[in-house]
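J.: Structure for this input, please:
(2 chains)
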Protein chains: 2
Amino acid sequence: MKVVNVGLIGLGTVGTGTLRILQRNAQEITGRTGRDIRVTRVAVSDINKPRDANLEGITLSTDPLDIAHDPEIDIVVEMVGGDSVAKDAVLAAIQHGKHIVTANKALIATHGNEIFTAAEKQQVSVAFEAAVAGGIPVIKAIREGLAANRIEWLAGIINGTCNYILTRMEQDGLDFSNVLADAQALGYAEADPEFDIEGIDAAHKLTILASIAFGIPLQFEKLHVEGITSITIEDIRFAAELGFRIKHLGIARRSESGIELRVHPAMVPADRLIASVNGVMNATLVQSDAVGPTLYYGAGAGAEPTGSAVVADIVDVVRTLDADSGSRVPHLAFGTGTMPEQTIVPMGQIETAYYLRMKVINRPGVLAAITRIFGDSDISIATILQKGHGDNNSEVTIIMLTQQARESNLEQAVAHVRELDSVTSDIQSIRLENLA
Amino acid sequence: MKVVNVGLIGLGTVGTGTLRILQRNAQEITGRTGRDIRVTRVAVSDINKPRDANLEGITLSTDPLDIAHDPEIDIVVEMVGGDSVAKDAVLAAIQHGKHIVTANKALIATHGNEIFTAAEKQQVSVAFEAAVAGGIPVIKAIREGLAANRIEWLAGIINGTCNYILTRMEQDGLDFSNVLADAQALGYAEADPEFDIEGIDAAHKLTILASIAFGIPLQFEKLHVEGITSITIEDIRFAAELGFRIKHLGIARRSESGIELRVHPAMVPADRLIASVNGVMNATLVQSDAVGPTLYYGAGAGAEPTGSAVVADIVDVVRTLDADSGSRVPHLAFGTGTMPEQTIVPMGQIETAYYLRMKVINRPGVLAAITRIFGDSDISIATILQKGHGDNNSEVTIIMLTQQARESNLEQAVAHVRELDSVTSDIQSIRLENLA
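T.: Numbers count the residues shown, from 1 in each chain, chains lettered A, B, ... in the order given. As a prediction, the model looks like this:
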């Protein structure tokens, strides 16, 4: 049986999970591939650190370049994360003709174009299923399973920390900050949670999903990115009352003016399947012209879920080792230059519906003034609810749902409403996505 | 650019959908494959029938063997359904070195072993994504996306007709027969619906899913198959009251004594994601050792959803045209002889929980007699509910939920309970699957 030698760079959570799976499920994996896949080298930062891994027959070193340069290694698996060491190691390995598997979303989202160009020159593969939604084979589904389709839009719950926090807020009626502390204690959020709760991690993943869905280059810098820190328990309760749930979504959508790329909290009708994706779980809903909606659900993080995607990529690369490189699945789904250039739509030009929440002094003419401002900005109101006692001159909460409107019009109207004397709070605004 | 010539056998619903997708999305498909995929021949039963399809540049004939024998054709797509004409055409095409794509679940489930053996001899591929769950790339997900995993079990809503009927019964409070008539009028059920509502279609699909999940040969004849005709609106209401929904599932599960293969209605906890898969939609939940649960959701039937899977298969086959056949994904996921032989568990030996419904005469000692019989058969009762007024000697409905029990013990106990004078109805029994 042919032997394939694999070198791992990094033996943290994902590296350990990957090694464990390759060892435990060796018989199944060999049955599927007809190859004996062996991890022969691992690069770690501290060689003497005790590790929960069977390292028998594996040469350890501290320099990733040892692996990138080793002529015996067929596939280099990069699992250090971040983008400086990782990028150097990946580019060096590519120069030495190695195929790459990586779980590193930041690396692919921000340096992927350069890495894929280098890989295509050397005729090697760079596989990155583990970079998006952990163990869910969503890259494979979009690049291969939906290859017949023109993809219209996709919407993903692609950050488990955000989804865990929003789920706990809803289910337990807790504030954001309380749940965040809990999530940190449970290991579902980092000590420095900014990367997750500000939407950056989701934006890396959406960058990748959008490229493979629409045949556009990776362009992380063009995304509109919002996190979940402004969502209150009040919003979650009002959403429920109106038949919605609040989810943190990455949305990529083909519109008449180009491709929308945006990461933000959104109200989703509660009866949509994706609205029932709770806790740390991830899911991506893809709307395509031939198959219609499809959804892919599973664990978006963790040692073995992410390791599952890493190993699936190793298996895929193994299958193409002897194949003509022109027959491989293109890194970003479409061959270079095969798709027309597409504009990324500036955020002000997108159209969606909105939920708005504000406090006002309850007196005659207030609602008339507010609704006139929206009307002047070409925004139709679908629903208005007033919360609180109706005594004259008391403070009440107003909830509004708009029809589809242009984001720049909404911003303009909100700015004007904020100037009204009778409006006594900031105006909370959450986009409302029908996902149908 | 390399040209790939495709011949279609059959131009019914799926054939028309496939042709339409290949024509409409030609640019996207070429962008993904770097190949010009052309349908050059189509075999139909009636050449003069007007068709809603663009047949420009396509040679029509009535004999599928014309296509199987044509030296210009690279890939033969079989979409006639059934198993006699289809089997002959597929085997003839294989003998002539053609790669095969088929949407025919009955053909694969009942003749797949023979077809794959012939294909391996001729070093051609037989692709069948469209045979299971229409446009959802679930075969690809299991064979490739989960290649790292030892799969523990899978449960699928894989017949849209059954799911539509059960959903309408629940949502509209209608009887089975009323909804069936409606489904027939809407085209969601055939004029002769037996194939769907008796579970045979789902059994074909489960046969295929189980093979690729566990590395076992296709063995349709060993499945336990039940349809949905015995489910009443009463059962659906009691299920809801107890926190469950009734779904028609195909379940394949690895247990200590072998592999369970069963198609039947099941009560599923209402908060499971799969319980919210409604209408004609399909979904498959797969539990694996590394990634944990993953779920794949989408349209399980229809011209373009099924055509989407057919075209994805064509694309996959195109990619392997120049590759070494030993590097391809094995037809049934695992290479021949790589997995140990596995027993299929006789239905009497499976263990699950049960919902039971019966009518009894309300008099002292009845419940004691019933529960003693279950106890004697080693079955623990989790819940008993009595429905109806409690007057002595009136007829009341008893609902019971059992703990996990062995199917043969349950059958024995039910047979004994049925003999009691005080039990005045048949005993409805529905398996209760936790799916966690």
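J.: Can I get the helix or strand encompassing residue A:203 in PDB, CA atoms only?
T.: Using DSSP states H and E, residue A:203 maps to helix A:200-214. The C-alpha coordinates for helix A:200-214 follow below in PDB (Å, rounded to 0.1, in the frame of the first residue of the first chain):
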ATOM      1  CA  ILE A 200     -14.000  39.400  13.200                       C
ATOM      2  CA  ASP A 201     -13.800  35.700  13.300                       C
ATOM      3  CA  ALA A 202     -17.100  35.400  11.500                       C
ATOM      4  CA  ALA A 203     -15.900  37.900   9.000                       C
ATOM      5  CA  HIS A 204     -12.900  35.800   8.200                       C
ATOM      6  CA  LYS A 205     -15.100  32.800   7.600                       C
ATOM      7  CA  LEU A 206     -17.700  34.800   5.500                       C
ATOM      8  CA  THR A 207     -14.900  36.200   3.300                       C
ATOM      9  CA  ILE A 208     -14.000  32.600   2.400                       C
ATOM     10  CA  LEU A 209     -17.600  31.400   1.900                       C
ATOM     11  CA  ALA A 210     -18.400  34.400  -0.300                       C
ATOM     12  CA  SER A 211     -15.400  33.700  -2.500                       C
ATOM     13  CA  ILE A 212     -16.300  30.100  -3.200                       C
ATOM     14  CA  ALA A 213     -19.900  30.900  -3.600                       C
ATOM     15  CA  PHE A 214     -19.600  33.700  -6.100                       C
END
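J.: Output the contacting helices and strands for that helix.
T.: Where contact means 3 or more Cβ pairs under 8 Å, 6 or more residues apart in numbering or on different chains; DSSP states H and E, helix A:200-214 is packed against helix A:105-122, helix A:138-140, strand A:151-157, helix A:194-197, strand A:224-225, strand A:244-255, strand A:258-269. Bear in mind the C-beta positions are built from the backbone N, C-alpha and C, glycine included.
J.: Could I get the ones you listed in TSV, plus columns for mean neighbour count, mean pLDDT and distance to chain B?
T.: Below are those laid out as TSV (neighbours: other Cβ atoms under 10 Å in any protein chain shown; pLDDT from 0 to 100; distance: least, Cβ to the nearest Cβ, whole Å):
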stretch	mean neighbour count	mean pLDDT	distance to chain B
helix A:105-122	20	96	12
helix A:138-140	28	98	5
strand A:151-157	25	98	9
helix A:194-197	19	96	20
strand A:224-225	18	98	26
strand A:244-255	24	97	12
strand A:258-269	23	98	12
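J.: about what we covered before: give me the distance from the helix holding residue A:203 to the chain's centre.
T.: With Cα atoms, centre = their mean, to the nearest Å as the basis, helix A:200-214 stands 6 Å off its chain's centre.
J.: so that helix versus strand A:151-157, what angle?
T.: In terms of direction (axes from the mean of the first three to the mean of the last three Cα atoms, to 10 degrees), helix A:200-214 departs from strand A:151-157 by 160 degrees.
J.: rewinding a little: output the helices and strands packed on helix A:200-214 as CSV; include the columns distance to residue A:25.
T.: Listed next are the helices and strands packed on helix A:200-214 as CSV, based on distance: least, Cβ to Cβ, whole Å:
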stretch, distance to residue A:25
helix A:105-122, 25
helix A:138-140, 18
strand A:151-157, 28
helix A:194-197, 30
strand A:224-225, 37
strand A:244-255, 31
strand A:258-269, 34
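J.: wait, which of these is closest to residue B:158?
T.: helix A:138-140 (20.5 Å; Cβ to Cβ).
J.: Now do the buried residues in stretch A:327-336.
T.: A:327-335 (16 or more other Cβ atoms under 10 Å in any protein chain shown).
J.: ranges for the helices of the stretch 301-436 of chain A?
T.: A:303-320, A:366-376, A:407-418 (DSSP state H, counting those that start in this stretch).
J.: between the ones you listed, which gets nearest to chain B?
T.: helix A:303-320 (3.3 Å; Cβ to the nearest Cβ).
J.: Just the CA trace of the closest one, in PDB.
T.: Coordinates of each C-alpha in helix A:303-320 appear next as PDB, following Å, rounded to 0.1, in the frame of the first residue of the first chain:
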ATOM      1  CA  ALA A 303     -10.400  19.600  18.900                       C
ATOM      2  CA  GLU A 304     -12.000  16.700  17.100                       C
ATOM      3  CA  PRO A 305     -14.700  18.500  15.100                       C
ATOM      4  CA  THR A 306     -12.100  20.800  13.600                       C
ATOM      5  CA  GLY A 307      -9.700  17.800  13.300                       C
ATOM      6  CA  SER A 308     -12.400  16.000  11.400                       C
ATOM      7  CA  ALA A 309     -12.300  18.600   8.700                       C
ATOM      8  CA  VAL A 310      -8.500  18.700   8.700                       C
ATOM      9  CA  VAL A 311      -8.400  14.900   8.200                       C
ATOM     10  CA  ALA A 312     -11.100  15.100   5.500                       C
ATOM     11  CA  ASP A 313      -8.800  17.600   3.700                       C
ATOM     12  CA  ILE A 314      -5.800  15.300   4.000                       C
ATOM     13  CA  VAL A 315      -7.900  12.500   2.500                       C
ATOM     14  CA  ASP A 316      -8.900  14.800  -0.400                       C
ATOM     15  CA  VAL A 317      -5.400  15.800  -1.000                       C
ATOM     16  CA  VAL A 318      -4.200  12.200  -0.900                       C
ATOM     17  CA  ARG A 319      -6.700  11.400  -3.700                       C
ATOM     18  CA  THR A 320      -5.300  14.100  -6.000                       C
END
